[in-house]
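Undergrad: Fold the following.
(one chain, ligands or ions: 1)
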Amino acid sequence: MATKAKTEAVGERAETDKSPTAVDEERERAAAAGVPKPAGGAEVSNLDIVRFYFDRAVDRLELPDDVRTVFWTPYREVTVQIPVKLSDGRIHTFSGYRIQHNGARGPYKGGIRFHPEVDVDEVRALASLMTWKTAVANVPFGGAKGGVNCPADQLERSELQRITRSFMDKIEKVLGPTRDIPAPDVNTNAQVMAWMMDEYGKLHGHTPAICTGKPIALEGSYGREQATGRGCIFMFREAAPQLGLSPADTTFVVQGYGNVGSWAARILQQLGAKMVGASDATGAIRSDEGIDADDLATHLRDGGQLTEFPGTEVISPDDLLAIECDVLIPAALGGMIHEHNADRINTKMIIEGANSPTTPAADQILHEKGVWVIPDVMANAGGVVCSYFEWVQNLQHFRWSEREVNDKLGGIMRKAYRDVSARAKEERISLREAAYLVGIERVVEASRTRGYI
Ligand code: NAD
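TA: Below you'll find the predicted structure:
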């Protein structure tokens with residue numbers, strides 16, 4: 001992560017001007033110069049996507065409008081200014097957000113995203129998704145999300161550290177181990193969590209339970225880094241028999257070979273499955289012979305470009321989605337599967353590693369094509385479940401082995417899948433609709449029992 005971007009698209013200007021406007025301009029220039037760009041997202045926003053699924057579930061549950069308003073609007077929104085002098089000598093003013101959506105079931109919980117496209121609406125959408133996700137997984141947390149609109153992949157490590165510390169200084173008042181506990185998301189990782197914990201500790205004393213996804217050396221949990229990807233594969237194992245898939249004969253494609261995507265790929269490969277396509281922000285590759293998931297992860301970790309991975313054919317990011325396979329794992333950003341590309345998708349199962357990768361219009365198309373979609377709100381809950389384990393261990397300054405963590409993760413993910421699929425069967429609805437029903441009902445019940453509503 002915290003290295004300078006390696007693509008030509010970054011160009012000379014971005015080296016000296018890292019403001020969101022400059023990044024946008026740079027993208028436009030790169031497009032004009034014909035530099036290949038990653039697959040585009042939908043025009044519909046993450047907020048529209050989550051709102052659609054939420055409204056559909058609330059209608060089905062026949063909740064009154066006043067209750068709908070309580071559960072749609074966030075409890076607290078914090079927007080902060082982050083002025084940071086970067087290595088070009090100029091002060092860059094970024095915006096940081098922490099949005100706490102609902103805390104009826106426990107402390108707020110949700111990741112921190114560093115990305116130029118982060119804005120208040122995106123963070124609102126992701127915060128509410130966390131509320132339903134923690135409820136579906138049945139871990140005792142509410143939902144929150146945070147983000148800073150900085151181009152993380154173009155910043156020096158020291159610049160990232162300054163942004164992270166400044167952000168923590170400004171939001172620490174609404175955080176706390178019994179209040180709100182951040183975690184990693186896009187372009188943030190264990191190192192960023194370590195800086196956050198350290199900054200919080202300057203004011204409050206050593207508090208490892210202030211965030212999760214920390215390095216193992218700083219009371220991080222074994223298995224946390226892999227947990228979201230591993231959770232996706234627990235879901236695959238539950239669903240595969242229903243579709244007549246056996247792991248050893250399964251082919252799969254990963255969109256977004258980052259933390260979630262690469263771990264899902266490596267764990268699915270351990271079961272005998274074969275990866276036939278992969279992409280990241282720089283491009284996409286395919287090989288019918290198979291792409292070794294471990295070797296690709298090592299190649300990227302060592303600074304290689306995805307499109308230079310040996311033995312593969314470079315394809316357009318849009319063509320990646322059209323590869324015939326048994327399982328497609330979108331693990332990049334929101335809105336990547338939309339009405340203009342859903343029809344080309346040629347898979348039996350989609351496991352949504354990313355948050356909000358599928359727009360409602362695309363969801364309908366996939367439903368009509370008979371694709372089995374395991375939705376984000378349950379599929380990628382493995383991260384927050386393992387964060388829950390990390391938090392529990394931190395509160396007790398105690399540590400479980402990786403095997404214990406993975407076993408406990410499997411138990412919770414299987415239970416979530418079974419709860420949701422039983423509801424889907426009972427009401428003859430999709431897993432997505434059923435997951436929202438299960439999640440919303442649990443949050444409403446907790447809020448009523450507390451006397452919050
Ligand atoms: P990451 O930064 O490690 O990886 C993101 C990957 O997506 C990178 O490889 C990046 O190059 C790629 N990408 C970005 N734009 C792309 C594009 N247009 N086309 C193809 N690839 C593109 O982030 P992550 O933590 O793996 O998160 C990925 C997704 O999973 C996000 O939607 C995130 O919200 C979700 N998620 C993450 C966690 C977690 O524990 N990290 C938990 C739940 C959900």
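Undergrad: Can you tell me the closest non-neighbouring residue to Val67?
TA: Ile453 (6.4 Å; C-beta to C-beta, 6 or more residues apart in numbering). C-beta here means a position set from N, CA and C on the backbone, and glycine is covered the same way.
Undergrad: Please report how far that neighbour lies from Val70.
TA: 6 Å (C-beta to C-beta, to the nearest Å).
Undergrad: Neighbour count for the two, which is higher?
TA: Neighbours were counted for Ile453 and for Val70 using other C-beta atoms under 10 Å; Val70 has more, 16 against 12.
Undergrad: Pull up the residues of the stretch 101-250 of the chain that are close to the ligand.
TA: 184-187, 228 (C-beta under 6 Å from any ligand atom).
Undergrad: between the residues you listed, which has the most around it?
TA: Most surrounded of these: other C-beta under 10 Å gives Thr228, at 30 neighbours.
Undergrad: Next, report how far stretch 76-86 is displaced from the centre of its chain.
TA: 22 Å (C-alpha atoms, centre = their mean, to the nearest Å).
Undergrad: sorry, back to before: and which of the residues of the stretch 101-250 of the chain next to the ligand is nearest to Trp372?
TA: Of all those, Trp372 sits closest to Thr228, with 19.8 Å by C-beta to C-beta.
Undergrad: and the residue nearest to that closest one when sequence neighbours are not counted, what is it in contact with?
TA: Of all residues not flanking Thr228 in the chain, Gly383 sits nearest, at 3.6 Å (C-beta to C-beta, 6+ apart). Taking C-beta atoms under 8 Å, 6 or more residues apart in numbering, we find Gly383 in contact with 111, 183, 213, 224, 227-228, 231, 260.
Undergrad: Kindly report the same for Thr212.
TA: 181-183, 193, 220-221, 224, 386-388, 390-391, 394.
Undergrad: Columns secondary structure and pLDDT on top of the residues you listed, output as a markdown table?
TA: A markdown table is the format used below for the contacts of Thr212 (DSSP: H, G, I helix; E, B strand; the rest coil; pLDDT from 0 to 100):
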| residue | secondary structure | pLDDT |
| --- | --- | --- |
| Ile181 | strand | 98 |
| Pro182 | strand | 98 |
| Ala183 | strand | 97 |
| Met193 | helix | 98 |
| Gly220 | coil | 98 |
| Ser221 | coil | 98 |
| Arg224 | helix | 96 |
| Cys386 | helix | 98 |
| Ser387 | helix | 98 |
| Tyr388 | helix | 98 |
| Glu390 | helix | 98 |
| Trp391 | helix | 98 |
| Asn394 | helix | 98 |
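Undergrad: out of the residues of the stretch 101-250 of the chain next to the ligand, what pair is the most spread apart?
TA: Going by C-beta to C-beta, the pair spanning these furthest: Asn187 and Thr228, at 14.7 Å.
Undergrad: and the stretch 351-453 of the chain, which of its residues are near the ligand?
TA: 353-355, 380, 383.
Undergrad: what's the closest residue to the ligand within the stretch 151-300 of the chain in contact with, if anything?
TA: Residue nearest to the ligand within the stretch 151-300 of the chain: Gly258 (1.7 Å; C-beta to the nearest ligand atom). Contact partners of Gly258, counting by C-beta under 8 Å, 6+ apart, are 186, 280, 331-332.
Undergrad: residues shared between the contacts of Ile453 and Val70?
TA: With contacts defined as C-beta under 8 Å, 6+ apart, the residues shared by Ile453 and Val70 are Ser447.
Undergrad: Which positions in the top strand by length along the chain come out as buried?
TA: Assignment by DSSP state E gives strand 91-102 as the longest strand of the chain. Within strand 91-102, the residues scored as buried using 16 or more other C-beta atoms under 10 Å are 92, 94-102.
Undergrad: can you redo the residues you listed as TSV with pLDDT and distance to Asp55?
TA: Conversion of these to TSV gives the following (pLDDT from 0 to 100; distance: C-beta to C-beta, whole Å):
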residue	pLDDT	distance to Asp55
His92	97	38
Phe94	98	32
Ser95	98	28
Gly96	98	29
Tyr97	98	23
Arg98	98	25
Ile99	98	19
Gln100	98	21
His101	98	16
Asn102	98	16
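Undergrad: Just send the residues you listed back as TSV, with distance to Ser128 too.
TA: Below are the buried residues of strand 91-102 laid out as TSV (distance: C-beta to C-beta, whole Å):
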residue	distance to Ser128
His92	30
Phe94	23
Ser95	20
Gly96	19
Tyr97	14
Arg98	14
Ile99	9
Gln100	11
His101	5
Asn102	8
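Undergrad: Quick check: the farthest pair among those residues?
TA: The most distant members of the buried residues of strand 91-102, if one measures by C-beta to C-beta, are His92 and Asn102, lying 33.0 Å apart.
Undergrad: tell me the SS of Lys173?
TA: Put simply, Lys173 is helix when judged by DSSP: H, G, I helix; E, B strand; the rest coil.
Undergrad: ok so, going back, would you convert the residues of the stretch 351-453 of the chain next to the ligand into TSV that also reports pLDDT?
TA: Listed next are these as TSV, based on pLDDT from 0 to 100:
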residue	pLDDT
Gly353	98
Ala354	97
Asn355	95
Asn380	98
Gly383	97
